[in-house]
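Peer 1: Build me a model:
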Amino acid sequence: MLAGKSLIFVHHPRTAGTSVRNLLMRAVPDNYFPMQDPNLSQEQKVWITHQGLGVCYDYCHRIGINPIKVPTLVCIRNPYSLMLSEYMYLSQKWKKKIKDLEKTLGAYLANMYRKSSDERKQKWAADTYGRFHDFITINGQIPENLTIARFETLEEDVRNFLQNRLEIADVPKLPRKNASRHGDVKNYYTDKEEKLVYAMFKNVFESGLYKRYEGLE
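Peer 2: Numbers count the residues shown, from 1 in each chain. A predicted model of the protein is given here:
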């Protein structure tokens with residue numbers, strides 16, 4: 001998350017958020033929070049950095065920024081690609097720290113779904129935009145000052161945000177950091193894995209943010 005008087009960036013994990021954040025700070029220098037907040041511990045800064053739009057806007061109000069008046073950017077990603085990236089990132093970077101790391105994407109997805117509480121599953125089913133809902137809505141509505149960038153067209157979407165919302169003519173090239181290594185997404189999916197992702201992201205598909213099987217065909 002970045003919170004400044006010029007722009008706000010909401011960081012959904014595994015959507016190239018670190019790269020986007022670095023680009024935004026280069027393109028639009030500002031005194032950004034929470035990094036500059038002396039009232040937050042490092043642990044609190046890490047926690048708030050990956051929270052949704054509501055938490056971000058509440059925080060902005062606390063530090064004297066009216067978020068509704070500030071151009072805001074959030075990135076989302078195809079659920080199939082998102083879950084593969086999450087699994088590969090954990091297995092490649094944190095393998096030694098995760099004792100029960102599943103050996104396959106299918107096992108990872110099955111365990112995630114099984115371990116998710118009934119309350120969490122009910123929230124996925126109730127929220128219009130499913131697991132992206134908290135990152136793109138305030139009181140159930142997508143605010144007018146929010147730009148939703150897609151991982152699949154990320155560099156173009158971020159450039160358009162900076163040029164159209166902030167009138168930045170010279171946009172730096174998007175760096176890529178913390179990227180997980182994997183091949184074509186469709187090669188990791190069978191019917192079993194697809195159904196698990198659909199169960200966890202049903203409303204993302206039903207709302208039209210992404211199409212079911214998109215990227216797998």
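Peer 1: Can you say which helix or strand has Cys56 in it?
Peer 2: If you go by DSSP states H and E, Cys56 is part of helix 53-62.
Peer 1: Residues in contact with that helix: which ones?
Peer 2: Taking contacts as C-beta atoms under 8 Å, 6 or more residues apart in numbering, the residues outside helix 53-62 that touch it are 1, 3, 8, 10, 33-34, 48, 66-68, 70, 72, 74, 134-138, 143, 146. C-betas here are computed from N, CA, C, even on glycine.
Peer 1: Moving C-terminal from it, which element do we reach first?
Peer 2: strand 72-76.
Peer 1: who does that next one pair up with?
Peer 2: Using DSSP bridges, the strands paired with strand 72-76 are strand 8-10 (parallel), strand 146-150 (parallel).
Peer 1: can you pull the alpha-carbon coordinates of the lowest-mean-pLDDT helix or strand in the chain into PDB?
Peer 2: Each helix and strand of the chain was given a mean pLDDT (mean pLDDT, DSSP states H and E); the minimum falls on helix 79-93 at a mean of 90. What follows is helix 79-93, C-alpha atoms only, in PDB (Å, rounded to 0.1, in the frame of the first residue of the first chain):
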ATOM      1  CA  PRO A  79      -7.600 -16.400 -10.300                       C
ATOM      2  CA  TYR A  80      -5.900 -19.400 -12.000                       C
ATOM      3  CA  SER A  81      -2.700 -17.400 -12.500                       C
ATOM      4  CA  LEU A  82      -3.000 -15.900  -9.000                       C
ATOM      5  CA  MET A  83      -3.200 -19.200  -7.200                       C
ATOM      6  CA  LEU A  84      -0.400 -20.700  -9.200                       C
ATOM      7  CA  SER A  85       1.800 -17.700  -8.500                       C
ATOM      8  CA  GLU A  86       1.000 -17.900  -4.800                       C
ATOM      9  CA  TYR A  87       1.900 -21.600  -4.600                       C
ATOM     10  CA  MET A  88       5.100 -21.300  -6.700                       C
ATOM     11  CA  TYR A  89       6.200 -18.200  -4.700                       C
ATOM     12  CA  LEU A  90       5.800 -20.100  -1.400                       C
ATOM     13  CA  SER A  91       7.500 -23.200  -2.700                       C
ATOM     14  CA  GLN A  92      10.400 -21.300  -4.300                       C
ATOM     15  CA  LYS A  93      11.100 -18.700  -1.700                       C
END
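Peer 1: Low-confidence regions, the chain specifically.
Peer 2: 94-101, 177-181 (pLDDT under 70).
Peer 1: Where do the helices of the chain begin and end?
Peer 2: 17-27, 42-49, 53-62, 79-93, 105-115, 118-126, 133-136, 154-165, 191-206 (DSSP state H).
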